[in-house]
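*Asks:* no sequence for this one, just the structure:
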């Protein structure tokens, strides 16, 4: 099944490709999910400045929802050697509910379905809880670097 047409139910949550009608909700969700990091980083995280209209038009944004409400999202970007998990964000009201875990599992399966043997991501080095979570679920730090003025930790997970 092609990634573009792929929709999946996860428990009572549906993961689907975002549409232009989701654009405003996606931007609101990203702002809510990342705003608490601004003070810690000293500026907005990179994900807050992304062009979600363009990413949605390109078929790169997937949302997870329930009853018409978007609870979280992820942005997947195919690269030559791995699928890049460019962003995963969960509505703060739904943190700890399994939404983020469902999105991460879905991203890994999508990467496998697309023929990738690895998925990679990066996060800000100040987002220590994210680094811990990704390490617990099998991501390995590959390197650190500064990009667009942000100090990033790059991680990769080998898939079966």
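*Replies:* Sure, I can see it. Predicted, not measured: the structure shown is a model, and the values here were computed from it. Numbers count the residues shown, from 1 in each chain.
*Asks:* Okay, and residue 129 sits in which element?
*Replies:* Using DSSP states H and E, the element containing residue 129 is helix 128-136.
*Asks:* what about that helix, distance to the chain center?
*Replies:* With CA atoms, centre = their mean, to the nearest Å as the basis, the distance from the averaged C-alpha position of helix 128-136 to the chain average is 14 Å.
*Asks:* Kindly report the same for stretch 137-157.
*Replies:* Chain-centre distance of stretch 137-157: 14 Å, with CA atoms, centre = their mean.
*Asks:* Quick one: the helices in this protein, in order.
*Replies:* Using DSSP state H, the helices found in the chain span residues 23-34, 38-41, 52-57, 99-113, 128-136.
*Asks:* and the angle for the last one with helix 99-113?
*Replies:* So the one you mean is helix 128-136. Going by axes from the mean of the first three to the mean of the last three CA atoms, to 10 degrees, helix 128-136 is angled at 50 degrees with respect to helix 99-113.
*Asks:* and the gap between residue 110 and residue 137?
*Replies:* Separation of residue 110 from residue 137 (CB to CB, to the nearest Å) stands at 16 Å. Any C-beta I mention is one placed from the backbone N, CA and C, and that applies to glycine too.
*Asks:* Looking at those two, which one has more neighbours?
*Replies:* Neighbours were counted for residue 110 and for residue 137 using other CB atoms under 10 Å; residue 110 has more, 21 against 12.
*Asks:* Backbone dihedrals for the nearest residue to residue 38 once chain neighbours are set aside, please?
*Replies:* Setting aside the residues directly before and after it, residue 38 is nearest to residue 44 in space (CB to CB, 6 or more residues apart in numbering), at 5.7 Å. Torsion angles at residue 44 (phi, psi; degrees, to the nearest 10) stand at phi -70, psi 140.
*Asks:* What of residue 148?
*Replies:* Residue 148 has phi and psi values of phi 50, psi 30 when expressed as degrees, to the nearest 10.
*Asks:* Next: residue 67.
*Replies:* Given degrees, to the nearest 10, the pair of backbone angles that residue 67 has is phi 60, psi 30.
*Asks:* hang on, the earlier thing: out of the helices of the chain, which is the most enclosed?
*Replies:* By mean neighbour count, with neighbours taken as mean count of other CB atoms under 10 Å, helix 99-113 ranks first of the helices of the chain at a mean of 19.
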